[in-house]
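Asker: Below: sequence and its predicted model.
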Amino acid sequence: MYSSDKRPVTALVMIGLLLFASASAAMGIADWPQWRGPNRDGVVSDASIPPAWPKELKQEWKVTVGLGHSSPVVANGRIYVFARQGEEEVLLCLNSATGKQIWSSSQPIAYEMHNAARAHGKGPKSTPVLYDGNVYTFGITGVLSGHDARTGKLKWRREFSQQYPKTSPLFGTAMSPLVLNGQVIAHVGGHNKGALMAFDAATGAIKWSNETDGPAYSSPIVINLAGTQQVVTFMQKDFVGVDAATGKLLWRIPAKSQYEENSVTPIAYKDMLILSREEQGVEAIRLVQQGPNLMPVQVWNNKETQLFMNTPVLQGNLLVGLSARNKGQFFSIDADTGKTLWLGPGRMGENAAILNLGGKVLFMLTNDAKLVVLPVAAKDFVPAAEYTVAESPTWAHPIVIGNRILIKDETTLRSLAF
């Protein structure tokens, strides 16, 4: 099939992608290659913030992609979306400018939801990660796969039914893998037995394994603390730090919850870690060397707030998030002292995905498709704008590209301009 200027449609698509990538580079628009962005902190460095917020956002395109809470990722003018279509888990590659599909890669995956999680559906919850021309996915049943990001071709796949009685936690795999030093790090296995593992990004070969505990629903971060590069994450019953080179356990804090639902990604701030354990508020810890051991010591604890699924963002010393108290309450805390700076009204939702746009405004997307725009320096919860951005629940994390926000709802992905 040819277009009116006699060039093949495929060639036009490639030219369009190259032009978009070139324009993005010229505008300084960065890729969004993993859970919560390049630094895994929810910070958007290149947003094009308008002088005044419009009354409504303009929908540029909308496509059906499938069920799931997995967030899209972006690189080189392409969007990668991981979702469920029928009884298959599907990785889609879309043109960022138009939403048109470039390729898809699918695998039959049968899955039976836990009764307590049926309302969330059985689509994947883990966000892919892009690295060195590849895209890695972690399905709801715990299947870890590496694909060629250009073509979608499967490079390797690992499943763990031979190693562990269960291959995903009770409510399905939700942790989003990261890539460090050429290794994909994921917490495999299921309830009561599993391992935080590092896999060779090129081949899928296991490089190290830590079988301290089964997986939680939290996603890990990498930090340098106390002279050691560490992978820090929640496990099923503990909050831990492991040596990033070997997987050796360095320290742990008990973090058992009633239904073993640890879901919050930890926050690195100065020489501290900020976390939240069930019914123990929001707290900051510092690692102290005691002889040969690293000991976590609490710096502050804020009992006015409590995280459940929401991961806050930082701007300077301001920590802004959604507390689970009062049926969802936005808050701001001084990250140095733990002092509450303000508390918003209650009943804002079960969850909110929060982005920091260039240290100027926060985008706060609640699970009921409400997008709140809040100035970072606000002394109270006084939004600059509020929008309804979808017709179905929005559990997936949004992405901002220039003056556009990508919203994944129950089954669709759309691009909205502001």
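Answerer: Arrived safely, thanks for sending. Numbers count the residues shown, from 1 in each chain.
Asker: So which residues make contact with the helix or strand in which Val299 is found?
Answerer: For Val299, the element it lies in under DSSP states H and E is strand 293-302. Residues external to strand 293-302 that are found in contact with it (CB atoms under 8 Å, 6 or more residues apart in numbering): 226, 228, 241, 250-251, 253, 272-273, 280-289, 333, 337-340. C-beta coordinates here come from the backbone N, C-alpha and C atoms, glycine included.
Asker: Recalculate using a threshold of 6 Å.
Answerer: Contacts with strand 293-302, where a contact means CB atoms under 6 Å, 6 or more residues apart in numbering, come from 226, 250-251, 253, 272, 281-288, 333, 338.
Asker: which one of those sits closest to Ala385?
Answerer: Closest approach to Ala385 among the contacts of strand 293-302 (CB to CB): Ile333, at 23.7 Å.
Asker: so who does that closest one touch?
Answerer: Listed by CB under 6 Å, 6+ apart, the contact partners of Ile333 are 302, 319, 340.
Asker: Any idea what the first one is bridged to?
Answerer: Translated: Asn302. When bridges are called by DSSP bridges, Asn302 pairs up with Val282.
Asker: start at 41 instead
Answerer: Okay, residue one is now 41; in that scheme the one you just asked about reads as Asn342.
Asker: burial measure for it, as a count.
Answerer: Asn342 has 21 neighbours, counted by other CB atoms under 10 Å.
Asker: Mind pulling up the pLDDT for it?
Answerer: Asn342 is assigned a predicted lDDT (pLDDT) of 98.
Asker: Repeat that for the last one.
Answerer: Predicted confidence (pLDDT) at Thr380: the value is 98.
Asker: Hmm, it is touching Thr345, no?
Answerer: No: counting by CB atoms under 6 Å, Thr380 sits too far from Thr345 to count as a contact (7.0 Å).
Asker: These two: which has the busier surroundings?
Answerer: Regarding Thr380 and Thr345, a neighbour count based on other CB under 10 Å identifies Thr345 as having more, with 23 against 16.
Asker: confidence score at the nearest residue to the more buried one once chain neighbours are set aside?
Answerer: Residue nearest to Thr345 in three dimensions, not counting chain neighbours: Ser363, with 4.1 Å by CB to CB, 6 or more residues apart in numbering. We note a pLDDT of 98 for Ser363 in this prediction.
Asker: Neighbours of Ser363, how many?
Answerer: Summarising burial for Ser363: neighbours were counted as other CB under 10 Å, giving 27.
Asker: cool, the one 4 residues further on as well?
Answerer: Here the neighbour count serves as a burial measure; for Lys367 (other CB under 10 Å) it reads 11.
Asker: Run a quick neighbour tally on Lys310.
Answerer: 11.
Asker: Against Ala375, how distant is it?
Answerer: Using CB to CB, to the nearest Å, Lys310 is found at 8 Å from Ala375.
Asker: got the CA positions of stretch 397-413 in PDB?
Answerer: Only the C-alpha atoms of stretch 397-413 are listed here, as PDB (Å, rounded to 0.1, in the frame of the first residue of the first chain):
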ATOM      1  CA  LEU A 397       6.700  19.000  37.000                       C
ATOM      2  CA  GLY A 398      10.000  20.900  37.100                       C
ATOM      3  CA  GLY A 399       9.700  21.900  40.700                       C
ATOM      4  CA  LYS A 400       6.800  24.200  39.800                       C
ATOM      5  CA  VAL A 401       3.500  22.200  40.000                       C
ATOM      6  CA  LEU A 402       2.400  18.800  41.000                       C
ATOM      7  CA  PHE A 403       0.100  16.500  38.900                       C
ATOM      8  CA  MET A 404      -1.900  14.400  41.300                       C
ATOM      9  CA  LEU A 405      -4.000  11.700  39.500                       C
ATOM     10  CA  THR A 406      -6.500   9.900  41.800                       C
ATOM     11  CA  ASN A 407      -7.800   6.400  41.000                       C
ATOM     12  CA  ASP A 408     -11.200   7.900  40.100                       C
ATOM     13  CA  ALA A 409      -9.700   9.800  37.100                       C
ATOM     14  CA  LYS A 410      -9.400  13.200  38.800                       C
ATOM     15  CA  LEU A 411      -6.300  15.200  37.900                       C
ATOM     16  CA  VAL A 412      -5.400  17.900  40.500                       C
ATOM     17  CA  VAL A 413      -2.800  20.500  39.600                       C
END
